[in-house]
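Chemist: Return atomic coordinates for the entry below.
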Amino acid sequence: MARRQRGRRGSVLECIEAGFVNHGYSEGRTLILENRYAAEEYERFNSNAAELVALNVDVLIAVARPAVVAAQRATSKIPIVFVVVPDPVGLKIVASPSGY
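Modeler: Model prediction:
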C-alpha cells in the first residue's frame, strides 16, 4: 500500500505521478511516492530532505530552488530531479544544462 504523508496532492505531483503511470509504473505496486511539503516554511526544507534520505529513497524530486538546495545538502549519493527552478546554471545548482 502506498503511503501518503504530510501534505496534499498538487498539480506538479499529479503530473509527475502521471508520467510514472505513462511509463508503466503503478503506485502501491511498483512505485511508492513519499511526499513532504515545507509549505513555504524554509526551515522545513532541510528536515524534509534529511527525512527522505534516511528512508533510503531511490530518487529525490524537488520542486523549487529551496527544496533542491536542501536535497543537495542532504545527499551526494541519491539522484535529484528538480522542477520549477529557473536558471539552474546561474544559481549554481548544476554546472551545465546537461546537469553534469
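
Chemist: quick one: the helices in this protein?
Modeler: Under the criterion DSSP state H, the chain contains helices at 11-22, 43-54, 65-74.

Chemist: Which one of the ones you listed lies nearest to residue 33?
Modeler: helix 11-22 (6.5 Å; C-beta to C-beta). C-beta: built from backbone N, CA, C; applies to glycine.

Chemist: Can you list the low-confidence ranges for this structure?
Modeler: Where the chain drops to pLDDT under 70, the residues are 1-10, 99-100.

Chemist: what are the bridge partners for the residue positioned nearest the centre of it, then?
Modeler: The residue lying closest to the centre of the chain (C-alpha atoms, centre = their mean) is residue 61, at 1.9 Å. With DSSP bridges as the criterion, residue 61 is bridged to residue 81.

Chemist: could you list every residue that touches it?
Modeler: Residue 61 is in contact with 16, 80-83, counting by C-beta atoms under 8 Å, 6 or more residues apart in numbering.

Chemist: Just give me the neighbour total for the residue lying closest to residue 73 once chain neighbours are set aside.
Modeler: Nearest-residue entry for residue 73: residue 46, 6.5 Å, with adjacent residues in sequence omitted and distances by C-beta to C-beta, 6 or more residues apart in numbering. Counted with other C-beta atoms under 10 Å, the neighbours of residue 46 add up to 17.
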